[in-house]
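Enquirer: Mind looking at a prediction? Sequence and model below.
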Amino acid sequence: DVKVTQSSRYLVKRTGEKVFLECVQDMDHENMFWYRQDPGLGLRLIYFSYDVKMKEKGDIPEGYSVSREKKERFSLILESASTNQTSMYLCASSLAGGRGHTEAFFGQGTRLTVV
Amino acid sequence: AQKITQTQPGMFVQEKEAVTLDCTYDTSDPSYGLFWYKQPSSGEMIFLIYQGSYDQQNATEGRYSLNFQKARKSANLVISASQLGDSAMYFCAMRKTGKLIFGQGTTLQVKP
């Protein structure tokens, strides 16, 4: 079974803190994604990585950065957390395009509250 | 820019009836993939069905089928014989050159 694991289910952080959200996948997938999910807005792509050390900005990268030093791990970093970053964060991974069925597999999500 | 639009925030359907969830997309690239996911109240994301832009036939997976109209840029999900367990949020998504973007979602409630 494909497994995507996010390090925390719930997090509470203070405004201004640096926050790390970790995601690990065990299926040797090339692509990894970070989304945030807010009511009425669906899933919005923050960053996408297609290989180690490679990344692309998604639709809402402001206030976030990412790190992918190893193929299986993709970290989302909030440099200075703000209350408007309170949200559900979802990590996903998939095979690269053109290599068969390329649906994304998701982690269980991290509910981040910034106070 | 790529865009996915789901115009139905909420839908109701009677148990055992069929329901169609709408999805339109916008891309100028000829090569792309379209997906539908289900998110029950537990929060997990469950992959339902996939349609490639070059596929000639509409995709089907059990009670799920994808009504793919390429010229209209629509990829509607049809659920036949609705069950109470189909009550969930449904997301349409498009993948192009690896990047995967989602629509706003539609909440489906199945009435007994």
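Expert: Here it is on my side, so go on. Numbering: from 1, shown residues only, chains lettered A, B, ... in the order given.

Enquirer: And for B:S41, the neighbour number?
Expert: Residues lying near B:S41 (other Cβ atoms under 10 Å in any protein chain shown) number 8. To be clear about C-beta, it is placed using only N, CA and C from the backbone, and glycine gets the same treatment.

Enquirer: Name the helix or strand for it, please.
Expert: In the assignment (DSSP states H and E), B:S41 maps to no helix and no strand.

Enquirer: quick one: contacts for the spatially closest residue to it that is not a sequence neighbour?
Expert: With sequence-adjacent residues excluded and distances taken as Cβ to Cβ, 6 or more residues apart in numbering or on different chains, B:S41 is closest to B:A88, at 7.2 Å. Shown in contact with B:A88 (Cβ atoms under 8 Å, 6 or more residues apart in numbering or on different chains): B:38-41, B:107-108.

Enquirer: ok, so of those, who is nearest B:K70?
Expert: Nearest to B:K70 among the contacts of B:A88: B:K38, at 23.8 Å, using Cβ to Cβ.

Enquirer: Would you mind confirming that that closest one makes contact with B:S87?
Expert: No. Counting by Cβ atoms under 8 Å, B:K38 does not reach B:S87; the two are 9.9 Å apart.

Enquirer: Listing partners with orientation, what would you give for the longest strand anywhere in chain B?
Expert: Among the segments of chain B that qualify as a strand by DSSP state E, the longest is strand B:88-96. Its sheet considered, strand B:88-96 pairs with strand B:33-39 (antiparallel), strand B:99-102 (antiparallel), strand B:106-111 (antiparallel) by DSSP bridges.

Enquirer: ranking the ones you listed by mean pLDDT, which is last?
Expert: Comparing mean pLDDT across the strands paired with strand B:88-96, the weakest is strand B:99-102, with a mean of 91.

Enquirer: and for that one, what are the contacting residues?
Expert: A:31, A:33, A:35, A:42-45, A:48, A:56, A:58-59, A:92, A:94, A:104, B:2-4, B:35, B:37, B:91-95.

Enquirer: Which members of the residues you listed are classed as buried?
Expert: Among those, those classed as buried by 16 or more other Cβ atoms under 10 Å in any protein chain shown are A:31, A:33, A:35, A:42-45, A:48, A:58, A:92, A:94, A:104, B:2, B:4, B:35, B:37, B:91-95.

Enquirer: shaky segments in chain A?
Expert: By pLDDT under 70, the low-scoring segments of chain A are A:1-2, A:97-101.
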